[in-house]
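J.: Just the structure for this:
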Amino acid sequence: LSQGCQTQGPLSELEKAMDVIIDVFHQYSRQEGDKDTLTKRELKLLIEKQLANYLKHVKNQVSIDQIFKDLDSNKDQQLSFGEVMLLIIRVTVATHEHLHFCEDHQHQHQHQHQHQHNH
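T.: The predicted structure follows:
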């Protein structure tokens, strides 16, 4: 066993989330071409099946072609895990902002509601 490959302790919530991201990447990366990169077709599938709700939170909507071009920093027509992580980070940050926006919105709404009751 190489160092650090032994079974580890119970995973934290965050570590489980990381595991899921890696598993999902592999579900798609293994479909065609190199087993550890995404082709454009694999990226398209991953986005359609796995990011359908949250990708909408990213401000400037662009095509799959454009996303692929943006992520493929070394221009080898395939996306490594690290390159795909950049998309996941972007979507996660946008979703975080969206959640705050919705919370603030609801808060204002409740506020107006209370004012009406006072009259």
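J.: Show me what counts as buried in the lowest-mean-pLDDT helix or strand in the chain.
T.: Ranked by mean pLDDT, DSSP states H and E, the helix or strand of the chain with the weakest confidence is helix 81-118, at a mean of 85. By neighbour count, and taking 16 or more other Cβ atoms under 10 Å as the criterion, the buried residues in helix 81-118 are 83-85, 87-88, 90-91, 94-95. (Glycine included, C-beta is placed from N, CA and C.)
J.: One more: stretch 8-26?
T.: Of the residues in stretch 8-26, those scored as buried under the neighbour-count criterion (16+ other Cβ under 10 Å) are 21, 24-25.
J.: got it, and stretch 69-76?
T.: Across stretch 69-76, burial judged by 16+ other Cβ under 10 Å covers 71-72.
J.: contacts for that stretch?
T.: The set of residues that contact stretch 69-76 without belonging to it, under Cβ atoms under 8 Å, 6 or more residues apart in numbering, is 43, 62, 78-79, 83-84, 86-87.
J.: Okay then, goodbye and thanks.
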